[in-house]
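>>> sequence first, then the predicted structure:
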Amino acid sequence: MQQPEKGPASSDLERLMQEARAAQAADPIEESQGKHPNIIVWALLAAFLVLISVSIHFLWPAS
C-alpha cells in the first residue's frame, strides 16, 4: 500500500514534532509535587452558589 504524498505542511509538522520529542527527551518535564485540589471544597462552593441562586429566584420580590 502506498503512503500518501507528504506536502510541505506535513513535513513541517513532522519536523516540529521530532524537535519537540528530542527536547523532551533531553530535558523532561518533572511531575508537579503540589497538592491536588480537593473535590469537597469545590462541591461545597457549587452547592453554596446554587443555594444563593435558588434563594434569589424564590425570595426576591417581583416588581
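Cool, the structure landed. This structure is a prediction, so every number in the text was calculated from the model and none was measured.

>>> what's in contact with stretch 38-51?
Stretch 38-51 is contacted from outside by no residue at all, using CB atoms under 8 Å, 6 or more residues apart in numbering. No exception for glycine: its C-beta is placed from N, CA and C like everyone else's.

>>> average pLDDT across that stretch?
Mean per-residue pLDDT for stretch 38-51: 96.

>>> can I get it in CSV, CA atoms only?
C-alpha atoms of stretch 38-51 as CSV (Å, rounded to 0.1, in the frame of the first residue of the first chain):
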residue,chain,number,x,y,z
ASN,A,38,-9.9,18.9,47.0
ILE,A,39,-13.2,18.0,45.3
ILE,A,40,-15.2,18.5,48.6
VAL,A,41,-14.3,22.2,48.6
TRP,A,42,-15.4,22.7,45.0
ALA,A,43,-18.7,20.7,45.7
LEU,A,44,-19.4,22.9,48.7
LEU,A,45,-18.8,26.1,46.7
ALA,A,46,-21.1,24.8,43.9
ALA,A,47,-23.8,23.9,46.4
PHE,A,48,-23.5,27.4,48.1
LEU,A,49,-23.8,29.2,44.8
VAL,A,50,-26.8,27.1,43.8
LEU,A,51,-28.4,27.8,47.1
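
>>> what about Ala23, helix or strand, and which?
helix 8-26 (DSSP states H and E).

>>> okay, buried residues for that helix please.
Within helix 8-26, no residue is scored as buried using 16 or more other CB atoms under 10 Å.

>>> please apply the same query to stretch 29-42.
Across stretch 29-42, burial judged by 16+ other CB under 10 Å covers no residue at all.

>>> what is the end-to-end distance of it?
28 Å (CA to CA, to the nearest Å).

>>> ditto for stretch 24-34
21 Å.

>>> what helices and strands are in contact with the helix holding Ala23?
Helices and strands touching helix 8-26, as assessed by 3 or more CB pairs under 8 Å, 6 or more residues apart in numbering; DSSP states H and E, are absent.
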